[in-house]
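Undergrad: Dropping a prediction and its sequence here:
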Amino acid sequence: MKFGKLPENMLKRSVLRQIGAGREDVLSRAGVGADFAALKVGAEEAVILTSDPVIWEGDSDGQRAVHAVCNDLACAGAEPAGLLLTALLPEDLKEPQIRGMVQKIASVCEPLGIQILGGHTEITSAVNRPVISVTGVGKAALQKLIPSGGAKPGDDILVTKWIALEGTFRIAKRREEELSARYPRFLIREAAGFDRYLSVLPEAEIAAEAGVHTMHDISEGGVFGALWELAESSGVGLEIDLKKIPLRQETVEICDFYGLNPYQMVSGGSMLMAAADGNGLAHRLRQAGIPAALVGKATAGNDRIILNGEERRFLDLPQTDEIHRIFG
């Protein structure tokens with residue numbers, strides 16, 4: 001099988017269909033495009049849960065590990081509260097490296113008010129690089145819970161910041177020397193600094209207050225994968241203008257160098273939103289200093305259309321993320 005997420009048909013057939021009957025107190029269940037699960041714990045509150053793995057490549061992976069789950073929690077309108085860490089570590093890893101990894105994760109958690117709750121650490125021959133699986137725990141008032149898959153026909157579709165931020169900085173950090181053969185160092189270093197954009201908590205908070213219908217973190221599979229998942233989970237069609245999807249020039253240059261498609265590249269730090277008044281929401285986001293672009297509409301039916309000038313084509317099923325062509 002190919003690297004990356006399971007293909008959607010396999011996920012449905014071999015994973016989702018094997019899950020047993022649901023409990024009444026489970027408000028949001030596993031499904032295509034579901035960023036989180038929600039469990040009712042009282043008359044007025046829900047606990048929100050999500051999980052993501054990170055293969056540790058460098059210090060920025062502490063940020064990736066924390067923000068990946070916090071961003072998913074934010075999609076529910078939840079307040080992130082704690083993390084559980086499961087670390088599978090290779091035999092040749094040294095104790096100072098382990099200490100440094102935990103310190104890096106803790107340093108990201110502290111300013112966010114997030115507690116590391118516990119977890120599990122294990123040395124194993126099953127991995128040759130550290131694998132950190134992070135479970136995020138949050139809470140939300142029931143009346144403020146934002147459903148996964150809540151887009152409605154007629155909604156505006158927005159993208160915050162720029163797509164492919166995460167893929168861009170991961171490549172720039174690890175391939176600086178190679179890229180410097182074509183591009184000036186300042187461009188590569190600017191791209192390597194895109195990890196400063198990883199959190200979507202500020203835009204999620206603004207969107208929740210504005211009455212957004214649903215939010216979806218653009219992670220592995222890129223914006224094309226996220227658009228498909230949003231439409232699939234909401235039961236809507238889409239009409240998206242490719243030229244309105246925001247890209248940084250540094251991303252364009254790095255993708256051109258390696259022949260990568262930025263629309264299918266991991267985009268942590270960017271978020272899809274569906275809202276009745278997209279212009280109003282975009283205005284509120286921009287007032288807070290957060291770039292936001294209206295890129296299209298949710299439609300009735302199942303057609304998921306990408307417009308590129310005069311060209312009109314259907315959105316494909318999610319593909320293997322382009323980052324795997326670089327790092328495998």
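TA: Good, I have the coordinates.

Undergrad: all helices of the stretch 101-250 of the chain, in order?
TA: 165-174, 176-179, 185-192, 201-209, 222-234, 249-258 (DSSP state H, counting those that start in this stretch).

Undergrad: Direction-wise, compare the fifth one with helix 165-174 and give the angle.
TA: Which is helix 222-234. Going by axes from the mean of the first three to the mean of the last three CA atoms, to 10 degrees, helix 222-234 is angled at 150 degrees with respect to helix 165-174.

Undergrad: Where do the strands of the stretch 51-200 of the chain begin and end?
TA: Taking DSSP state E, counting those that start in this stretch to define them, one finds strands in the stretch 51-200 of the chain at 79-89, 115-123, 131-141, 156-160.

Undergrad: which of those strands sits most buried?
TA: Counting by mean count of other CB atoms under 10 Å, strand 156-160 has the highest mean neighbour count of the strands of the stretch 51-200 of the chain, with a mean of 25. All C-beta spots, glycine's among them, are computed from the backbone N, C-alpha and C.

Undergrad: From the rest of the structure, what touches that one?
TA: Residues from elsewhere that reach strand 156-160, judged by CB atoms under 8 Å, 6 or more residues apart in numbering: 151, 200, 203, 218, 223, 227, 230, 238, 240, 245-246, 270-279, 281-282, 285, 290-298.

Undergrad: ditto for stretch 11-25
TA: Stretch 11-25 is contacted from outside by 5-6, 29-32, 39-41, using CB under 8 Å, 6+ apart.

Undergrad: which of those lies closest to Asp195?
TA: Checking the contacts of stretch 11-25 against Asp195 by CB to CB gives Lys5 as the nearest, at 21.9 Å.

Undergrad: Ile290 and Ile48, how far apart?
TA: 22 Å (CB to CB, to the nearest Å).

Undergrad: With neighbour numbers in mind, choose between the two.
TA: Between Ile290 and Ile48, counted using other CB atoms under 10 Å, Ile48 has the larger neighbour count: 27 against 18.

Undergrad: you'd agree that one is up against Lys139?
TA: Yes - between Ile48 and Lys139 there is a contact under CB atoms under 8 Å: 6.6 Å.

Undergrad: Now do the shared contacts for these two.
TA: Common contacts of Ile48 and Lys139, defined by CB under 8 Å, 6+ apart, comprise Ala78.

Undergrad: where does Met271 fall, phi/psi-wise?
TA: With angles defined as degrees, to the nearest 10, Met271 sits at phi -130, psi 140.

Undergrad: Was I right to think it contacts Val200?
TA: Yes - counting by CB under 8 Å, Val200 is a contact partner of Met271 at 4.6 Å.

Undergrad: where do the contact lists of the two overlap?
TA: Counting by CB under 8 Å, 6+ apart, the shared contacts of Met271 and Val200 are 71, 160, 217.

Undergrad: give me phi/psi at the most centrally placed residue in the chain?
TA: Nearest residue to the geometric centre of the chain (CA atoms, centre = their mean): Ser219, 3.1 Å. Backbone torsions of Ser219, given as degrees, to the nearest 10, read phi -110, psi -130.

Undergrad: Beta-bridge partners for the nearest residue to Thr121 once chain neighbours are set aside, please?
TA: Spatial nearest neighbour of Thr121, excluding adjacent residues (CB to CB, 6 or more residues apart in numbering): Ala87 at 4.5 Å. Ala87 forms beta bridges with Thr121, Ile132, as assigned by DSSP bridges.

Undergrad: Go ahead and confirm Ala87 touches Pro130.
TA: Yes - between Ala87 and Pro130 there is a contact under CB under 8 Å: 6.5 Å.

Undergrad: Show me the shaky parts of the chain.
TA: Where the chain drops to pLDDT under 70, the residues are 21, 328.

Undergrad: one more time with 90, if that's ok
TA: 1-36, 42-43, 55, 57-63, 148, 317-318, 327-328 (pLDDT under 90).

Undergrad: What's the separation between Gly42 and Thr135?
TA: Distance of Gly42 to Thr135, computed by CB to CB: 21 Å.

Undergrad: my guess is Thr135 meets Leu84, correct?
TA: Yes - between Thr135 and Leu84 there is a contact under CB under 8 Å: 4.2 Å.
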